[in-house]
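A.B. asks: My questions concern the predicted model and sequence given below.
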Amino acid sequence: AGLPPKAFKKAIDEKAGILIDTRLMLSFGAAHIPGALNIGGSPMLSIWAGSLLDPEQPILLVMENDDDLDEIVRLFIRTGFTKFAGYLVGGMKAWDNAGYPFAQVAQMSVHDVKNAGRELQILDVRSNREWKGGNIPGARHIFLSELWKRFGELDKSKPTAVYCASGYRASIAASILKGEGFADVRNVPGSWHAWKEAGYPVDRNAAQEKAA
């Protein structure tokens, strides 16, 4: 059912379900409801919802447009999710107009990642196979589906830049870290593809260690 901002906020406050924002990475980064998990509304949603979420937990939805509802629900149902606690009518524009608070995730270009000092914590959330094919030098590797169990291995006090292959999984991961109390989290649009296109150094030690 569609919920106006006041009712939607009440549902969040009463923990009526897990809050999922299905908008694109840049829209989510610019403004989202605090505590929301960003799983973009593409066919990959079915994969990552299935990997990360409990189907017994009802879903509170934020979408780009109310017209997207049928398609988004279909993507969830495909992976076994049938419990929905409601969606935010009018999306983030309505939430903003109601004067409710929002959070942000900064975007960091691969150029800024390369030029950042050692203070920056770089997190690679790709699969083991992708990681072994090469990674950004100095990055830590935690596969996205393991992040909720392993985020304690990271330093919450450091600014953290998250990357994957293109940015989709990185935005999910950034929203997880935000929800777990990481204050300064940045998403890297373009991610690994952009890093390679820029001709920046690639660390292949993970592949060599495996071979050794």
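C.D. replies: Everything's here; your move.
A.B. asks: Output stretch 148-155 as PDB - backbone C-alpha positions only.
C.D. replies: Extracted C-alpha coordinates of stretch 148-155, given in PDB (Å, rounded to 0.1, in the frame of the first residue of the first chain):
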ATOM      1  CA  TRP A 148      27.300  -7.500   7.400                       C
ATOM      2  CA  LYS A 149      29.300 -10.300   9.100                       C
ATOM      3  CA  ARG A 150      32.700  -8.700   8.500                       C
ATOM      4  CA  PHE A 151      32.400  -4.900   8.600                       C
ATOM      5  CA  GLY A 152      34.100  -5.100  12.100                       C
ATOM      6  CA  GLU A 153      37.400  -5.700  10.200                       C
ATOM      7  CA  LEU A 154      37.200  -2.100   9.000                       C
ATOM      8  CA  ASP A 155      38.100   1.100  10.800                       C
END
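A.B. asks: Please work out the average pLDDT along it.
C.D. replies: Averaged across stretch 148-155, pLDDT comes to 97.
A.B. asks: where does it sit relative to the chain's centre, distance-wise?
C.D. replies: 15 Å (CA atoms, centre = their mean, to the nearest Å).
A.B. asks: Quick one: residues contacting the most centrally placed residue in the chain.
C.D. replies: The chain has Ile172 as the residue nearest its centroid, 1.5 Å off, counting by CA atoms, centre = their mean. Shown in contact with Ile172 (CB atoms under 8 Å, 6 or more residues apart in numbering): Leu37, Asn38, Ile39, Trp48, Leu52, Val125, Leu144. Backbone N, C-alpha and C define where each C-beta goes, glycine included.
A.B. asks: and which of these is nearest to Ala30?
C.D. replies: Asn38 (11.5 Å; CB to CB).
A.B. asks: returning to what we had before: average model confidence for the helix or strand that contains the residue nearest to the centre of the chain?
C.D. replies: Assigned by DSSP states H and E, Ile172 falls within helix 168-179. In this model, helix 168-179 has an average pLDDT of 98.
A.B. asks: got the CA positions of it in CSV?
C.D. replies: Presented in CSV, the C-alpha positions along helix 168-179 are these (Å, rounded to 0.1, in the frame of the first residue of the first chain):
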residue,chain,number,x,y,z
TYR,A,168,26.0,-0.9,-8.3
ARG,A,169,27.2,-3.2,-5.5
ALA,A,170,29.4,-0.4,-4.1
SER,A,171,26.2,1.6,-3.4
ILE,A,172,24.6,-1.3,-1.6
ALA,A,173,27.8,-1.7,0.5
ALA,A,174,28.1,2.0,1.2
SER,A,175,24.5,2.0,2.5
ILE,A,176,25.3,-1.0,4.7
LEU,A,177,28.3,0.8,6.2
LYS,A,178,26.3,4.0,6.7
GLY,A,179,23.7,2.0,8.6
